[in-house]
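Asker: Here's a sequence, model it:
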Amino acid sequence: MSFAQDLAQATAPLRRQIHDMPFNRELAEGSLDRETFQGYIIQDAHYLEGFARALALAAAKAPDAPTVAQLAGSAAGAIAVERELHAHYMGLFGVSAEDFARIEPSAACDHYVSFLLRSAAIGDFSEAVAALLPCFWIYRDIGREIAQFSGAENPYAAWIATYSGEAFDQSVTRMLELTDRLGAIADAPARARMHRAFARSCWHEWRFWDSAYRGESWQQPAA
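Answerer: Okay, here's the model as predicted:
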């Protein structure tokens, strides 16, 4: 079993729950509420900006030039997805630049991005990679699963195509290979840190979609 497979096995129940969430089931059916997806795509744009920054921080710690190039390229790719995919849906859903600027990151988005930035800034390199991996891996697996039975008439077909496509698959494969290399040379304490970081990001993935489905932002104390 590779180290990435070990990470997957340790988090299998949570990752299966993510696949079965109402948000992703309804996205696959094309029945997801329009306003729910609108709120999600705004939060995802906020998230991807922070994700790209965390990738860039991790790239600065990479041990060799090819790995620097890989992570820096993924950071650039995250920004490209944010601009292309979100511009498409924000235009389709009538979200203006002013609307986007007015809507701040949700608590779930802010918490996830803060965790990734902290992992990349003060964690070791292998820990940062493990924390960043779920956003690649989980999105690819969900995109692939949905694409198996979702047709072109689905209003969210562009989102599905992005995350089930060949270009994204290649970036995920490279990230998995990097994780396996790091896990193979890590000592036991480092592998434990990688496991914790990966599991925590999987939880954040679940919370991000759950929060978007429920329309949650920043809960205030009762008066």
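Asker: helices or strands next to the helix or strand of the chain with the lowest mean pLDDT in the packing?
Answerer: In the chain, no helix or strand scores lower on mean pLDDT, DSSP states H and E than helix 65-92, which sits at a mean of 81. When contacts are defined as 3 or more C-beta pairs under 8 Å, 6 or more residues apart in numbering; DSSP states H and E, helix 65-92 packs onto helix 34-61, helix 157-164, helix 166-185. (Each C-beta comes from the backbone N, C-alpha and C, glycine too.)
Asker: Show me what whichever helix or strand comes after the last one is packed up against.
Answerer: Reading on from helix 166-185 to the C-terminus, the next helix or strand found by DSSP states H and E is helix 188-214. In terms of contacts (3+ C-beta pairs under 8 Å, 6+ apart), helix 188-214 is packed against helix 3-10, helix 12-19, helix 22-29, helix 34-61, helix 107-122, helix 125-147, helix 166-185.
Asker: how close does the most centrally placed residue in the chain sit to C202?
Answerer: The chain has C135 as the residue nearest its centroid, 2.7 Å off, counting by C-alpha atoms, centre = their mean. With distances taken as C-beta to C-beta, to the nearest Å, C135 is found 10 Å from C202.
Asker: Low-confidence bits of this structure, can you list those?
Answerer: Residue ranges of the chain with pLDDT under 70: 82, 85.
Asker: mind listing what V81 touches?
Answerer: Shown in contact with V81 (C-beta atoms under 8 Å, 6 or more residues apart in numbering): 48, 162.
Asker: one step back: wait, doesn't the residue nearest to the centre of the chain sit right on F51?
Answerer: Yes: using C-beta atoms under 8 Å, C135 is in contact with F51, at 6.1 Å.
Asker: which secondary structure elements does the helix or strand just after the least confident helix or strand of the chain contact?
Answerer: Using DSSP H and E, the helix or strand that follows helix 65-92 in sequence is helix 97-102. For helix 97-102, the packing partners by 3+ C-beta pairs under 8 Å, 6+ apart come out as helix 34-61.
Asker: Show the secondary-structure elements that the helix it packs on is packed against.
Answerer: Using 3+ C-beta pairs under 8 Å, 6+ apart: helix 34-61 touches helix 22-29, helix 65-92, helix 97-102, helix 107-122, helix 125-147, helix 188-214.
Asker: which of the helices and strands packed on helix 188-214 sits most buried?
Answerer: Ranked by mean neighbour count, the helices and strands packed on helix 188-214 are led by helix 125-147 with a mean of 22 (mean count of other C-beta atoms under 10 Å).
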